[in-house]
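**Student:** Output the structure for:
(chains A, B, C and D)
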Number of protein chains: 2
Amino acid sequence: MSDKKTTKNLILDAAEKLFAARGFYGVSIRQITTEASVDPALASYHFGKKKDIFDAVMLRRAEILNRERIQMLDDCIRRAKPNPAPLNEIIDAFTHALLNRSNKGGAGWKSYFAIIAQINNHAELGGEIMTQYFDPLAKKFLSAIHATMPESNPEDLYWCYHFLSGALTLTFSGTDRISNLSNGLCPASDLDAVHERLVPFITAGFEAFKAKYSN
Amino acid sequence: MSDKKTTKNLILDAAEKLFAARGFYGVSIRQITTEASVDPALASYHFGKKKDIFDAVMLRRAEILNRERIQMLDDCIRRAKPNPAPLNEIIDAFTHALLNRSNKGGAGWKSYFAIIAQINNHAELGGEIMTQYFDPLAKKFLSAIHATMPESNPEDLYWCYHFLSGALTLTFSGTDRISNLSNGLCPASDLDAVHERLVPFITAGFEAFKAKYSN
DNA sequence: AAATAAATTCAACACATGTTTAATTTATTT
DNA sequence: AAATAAATTAAACATGTGTTGAATTTATTT
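**Tutor:** Numbers count the residues shown, from 1 in each chain, chains lettered A, B, ... in the order given. Here you go, the predicted structure:
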């Protein structure tokens, strides 16, 4: 975070970096405060329990992201009026802010998304946190998609959203598996390359369920 | 695992269950051995380090899965000869064994896939383990896909595979977010519903890159 | 400048961590 | 049945865990 280097922010920055690499349980408060060059007791003083640090890490960037994404969604809906917004633009609005920040937002943002990738697939932590911070926005996007594909089965659309979510978050994970797999042809760090492909891929996936209930 | 209830298997079963719920770092050896009703020292005696327990958990089911999946792939290639195998059948061969076991294989298999979902998105653990156990198979599938889409850009195909991997593993995660999101309309436990939709979704995604370099 | 509040330090708490050791029991082989 | 190997137990190791309390420093207010 480029905010003032207060003790609180030093702790959050350090926690973010370490949580991204080793997960919530893989990081101790002493590791965090050491990384932040700060006394261990200050973590409790400023945040309370360890879980509260994690929540604070999640929250401070979620707000920024969600504001941007809703803005983009509203824009593309307005542009298309009175027609429904085109599907690929909705998908782009959903993903653009994320991939862009992950790509060009600096190390802090990269770590943040790596954490999201982890908890999205985590049985225990995934449920509450994602629901809390990102589900309201997901509902907005789903209703925009439904508006542009009114003939589709809502159940299908929910599952398509689910697939989108999985494909997107794996991209954030910071693993280099696709690079290994492709012998360096596809560096995972090249998030522009991802975005170019993710939007058409997901759009085509959704559209496979367009005509399902109309013929 | 339904094998003999040896001490080794008791430990692996307990570890599998707990790792699925709380991740590698979120589980202690004492929790595992308590769950297994076994002395803590036996974990070291039979496996060595904690990480070795984790590897053993991963390995014992990976072999079964990979054998099944390669079998299915070879079958659908053979059926299609001399033409290349149809894309949707390749995708099905890639996913069927996984979703089927996750669905009907019992609690152990469910836990196993939840672990895979976690480490797939985990920066530190994801790299080596997935590469070790699943990348060889991934390469086989990718070359089958390339054979049926010879005009496509390999780079595109790698990324499509990446999206497939993310969508698939999120499905295993055991989070109930899609159920919340859909107000119960889409229970995450209904893996038949997933599979019905995953294959056409992914197939359509791949096919979006079919004609890209031929016109 | 004095009084009050906020922030920081250092030490300690009680308990959990992974792993090892040596003694003992059980199983296998000769 | 004796000898050898394998498996299990209980105790302890040193170190790390999250968190707290009291003393001290720094900042803010009166």
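
**Student:** how many neighbours does A:Arg78 have?
**Tutor:** Neighbours of A:Arg78 under the rule other Cβ atoms under 10 Å in any protein chain shown: 9. C-beta coordinates here come from the backbone N, C-alpha and C atoms, glycine included.

**Student:** Point me to the helix or strand that includes it.
**Tutor:** helix A:50-80 (DSSP states H and E).

**Student:** for that helix, packing partners?
**Tutor:** helix A:7-22, helix A:29-35, helix A:41-47, helix A:87-104, helix A:107-120, helix A:123-148 (3 or more Cβ pairs under 8 Å, 6 or more residues apart in numbering or on different chains; DSSP states H and E).

**Student:** Columns distance to DNA strand D and mean pLDDT on top of those, output as CSV?
**Tutor:** As requested, these are arranged in CSV below (distance: least, Cβ to the nearest atom of the strand, whole Å; pLDDT from 0 to 100):
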stretch, distance to DNA strand D, mean pLDDT
helix A:7-22, 10, 97
helix A:29-35, 4, 98
helix A:41-47, 3, 98
helix A:87-104, 27, 95
helix A:107-120, 16, 96
helix A:123-148, 15, 90
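
**Student:** most tightly surrounded among those?
**Tutor:** Ranked by mean neighbour count, these are led by helix A:107-120 with a mean of 24 (mean count of other Cβ atoms under 10 Å in any protein chain shown).

**Student:** Which neighbouring elements make contact with that one?
**Tutor:** helix A:7-22, helix A:50-80, helix A:87-104, helix A:123-148, helix A:154-172, helix B:123-148.

**Student:** now the angle between helix A:87-104 and the fourth one, please.
**Tutor:** When axes from the mean of the first three to the mean of the last three Cα atoms, to 10 degrees is applied, the directions of helix A:123-148 and helix A:87-104 differ by 140 degrees.

**Student:** quick one: helix A:123-148 to helix B:107-120, angle?
**Tutor:** Using the same axes, to 10 degrees: helix A:123-148 against helix B:107-120 is 80 degrees.

**Student:** and helix A:123-148, does that touch DNA strand C?
**Tutor:** No - judged by Cβ under 7 Å from any atom of the strand, helix A:123-148 stays clear of DNA strand C, getting no closer than 14.8 Å.

**Student:** what's the angle from that helix to helix A:50-80?
**Tutor:** Using the same axes, to 10 degrees: helix A:123-148 against helix A:50-80 is 10 degrees.

**Student:** Quick check: the residue of chain A nearest DNA strand D.
**Tutor:** Residue of chain A nearest DNA strand D, by Cβ to the nearest atom of the strand: A:Ser28 (2.9 Å).

**Student:** and that residue, how many neighbours does it have?
**Tutor:** 14.

**Student:** Would you mind measuring from it to B:Asp176?
**Tutor:** A:Ser28 sits 30 Å away from B:Asp176, going by Cβ to Cβ, to the nearest Å.

**Student:** What of A:Glu35?
**Tutor:** Distance from A:Glu35 to B:Asp176, by Cβ to Cβ: 34 Å.

**Student:** try A:Lys210
**Tutor:** Taken as Cβ to Cβ, the span from A:Lys210 to B:Asp176 is 27 Å.

**Student:** And stretch A:16-32, end to end?
**Tutor:** One end of stretch A:16-32 to the other measures 9 Å (Cα to Cα, to the nearest Å).

**Student:** Does that stretch reach DNA strand C?
**Tutor:** No - Stretch A:16-32 lies out of reach of DNA strand C by Cβ under 7 Å from any atom of the strand, never closer than 8.7 Å.

**Student:** do that stretch and chain B meet at all?
**Tutor:** Yes - judged by Cβ under 8 Å from any Cβ of the partner chain, stretch A:16-32 comes into contact with chain B at A:20-26.

**Student:** farthest-separated two in those?
**Tutor:** The two members of the residues of stretch A:16-32 next to chain B with the most space between them (Cβ to Cβ) are A:Ala20 and A:Tyr25, at 13.6 Å.

**Student:** what about stretch A:49-68, average pLDDT?
**Tutor:** Throughout stretch A:49-68, pLDDT has a mean value of 95.

**Student:** Does that stretch reach DNA strand C?
**Tutor:** No - judged by Cβ under 7 Å from any atom of the strand, stretch A:49-68 stays clear of DNA strand C, getting no closer than 13.5 Å.

**Student:** quick one: buried residues of that stretch?
**Tutor:** Using 16 or more other Cβ atoms under 10 Å in any protein chain shown as the test for burial, stretch A:49-68 gives A:50, A:53-58, A:60-62, A:65-66, A:68.

**Student:** ok so, going back, nearest to B:Ser165, out of the helices and strands packed on helix A:50-80?
**Tutor:** Taking Cβ to Cβ, helix A:107-120 is the member of the helices and strands packed on helix A:50-80 nearest to B:Ser165, at 12.3 Å.
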